[in-house]
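J.: Give me the fold of what follows.
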Amino acid sequence: MILVTGATGNVGRHVVTQLLEAGEKVRAISRDPGTAGLPDGVEVLEGDLRRPETLPAALRDVDRAYLFPVHGALDDFLTAAGDEGVGRIVLLSSMAVNFEQTNDIARWHAECERSVRDSGLPWTFLRPGAFMANDLGWAGMIRHGGVVRAAYGDAASAPIDERDIAEVAVRALLDDGHVGEAYTLTGPASLTQTDRVRILGEVLGRELRFEELTPERAREEMAAFMPAGVAEVLVRLLASASGTTAEIEPAFERITGRAGGTYARWVARRAADFR
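T.: This is a model prediction of the structure:
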C-alpha cells in the first residue's frame, strides 16, 4: 500500500492517478474525503498532517509514502511512519534549498528535508523549481481583460509541468534505485514572464498583454491573497531572476528517458482554466 499525502494538490492528484495506472494499491488522506474528488480505486481516509491522531490509521499496512511538505508538521507523521514500518518516503521539496537560505521558503523546505533525514527512514527528495501551475494565478486577469500585471516581466524561470514532477515521484516510490537521491527538477525551457504570456495568447488564440508593475505595487497586490512575508520573498526572487536565463536541469530526462512537457502543451491542457 502506498500512502499519498497532499493528494488533492497540483502534484498529489497526478501521483495518485499515475500510481493507480501502474496497478498499485493507493491510499490518500484528505481533511474532507467527501469533497476530495479523487479517482475510483483509491482508498480515501480522513486525515491531516497537523492532526497526529489521524495518522496511525492512515499509515497502517503502508510500505511507501509520498509526503507533502507541511512545515512544522512532519515529525509526528515520520514517527508514526517508523512505528508502522514504512520503508520509503518521497518528499516534495523545493529547488530553493540548493541556494543560500536567506528566505523563509528556502528555510521551511530545508527544515522539512532535515526532519525526513533525521527520521532514519529511507528517503528521496524532489526539488522542483517553478510549477507551470503557478500561472493559474493569472487566470482571472486573462479571463477579465487579457492583461497580466506583475513585476519583472523579464524574470526567467524554467517552469515544470506538475505531471512531470508526479512522474518522478512515482518512479522514486516504485524503484529502489532512487533511495538517498535529491533531484532538482525543471521544465525544458527558460521562459520569462512575458514569454509565458505570449505563449498563453498563442495557444488560447487571444491578444494578451503583460503590464509591468513596480515591485512595491506588485508586493501590495500579492499581499492581498498571501502572507506579506511570502509576497516579499516572491518579489525578491523575481528581482534576482530579472534579465537572466534559467538553468535547465537534466534530472527529469535522465530519469524518464524523455524531455519534459512544454509550457505550450501545459496551456493547451489547462486552457479551460483561462477561458
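J.: surely residue 146 meets residue 208?
T.: Yes. With contacts defined as CB atoms under 8 Å, residue 146 counts as touching residue 208 at a distance of 4.9 Å. C-beta: built from backbone N, CA, C; applies to glycine.
J.: Compare neighbour counts for these two and give me the winner.
T.: Neighbour tally, residue 146 and residue 208, criterion other CB atoms under 10 Å: the higher count belongs to residue 208, 20 against 16.
J.: three-state assignment of the residue nearest to that one when sequence neighbours are not counted?
T.: Closest residue in space to residue 208, ignoring its immediate chain neighbours: residue 201 at 3.7 Å, by CB to CB, 6 or more residues apart in numbering. Following DSSP: H, G, I helix; E, B strand; the rest coil, we place residue 201 in the helix state.
J.: you'd agree residue 126 is in a strand?
T.: Yes. Under three-state DSSP, residue 126 sits within a strand.
J.: tally of neighbours for it?
T.: The burial count for residue 126: 25, using other CB under 10 Å.
J.: same question, the one 10 residues further on
T.: Residues near residue 136, counting by other CB under 10 Å, number 14.
J.: ok now do residue 158, which residues does it touch?
T.: Contacts for residue 158 (CB atoms under 8 Å, 6 or more residues apart in numbering) come out as 129, 130, 186, 187, 188, 189, 190, 191, 246, 247, 248, 249.
J.: Verify the stated contact: the residue nearest to residue 208 with residue 195.
T.: No. Between residue 201 and residue 195 there is no contact under CB under 8 Å: 10.9 Å.
J.: sec struct for the residue lying farthest from the centre of the chain, please.
T.: Residue farthest from the centre of the chain, counting by CA atoms, centre = their mean, is residue 207 at 29.1 Å. At residue 207, secondary structure determined by three-state DSSP is coil.
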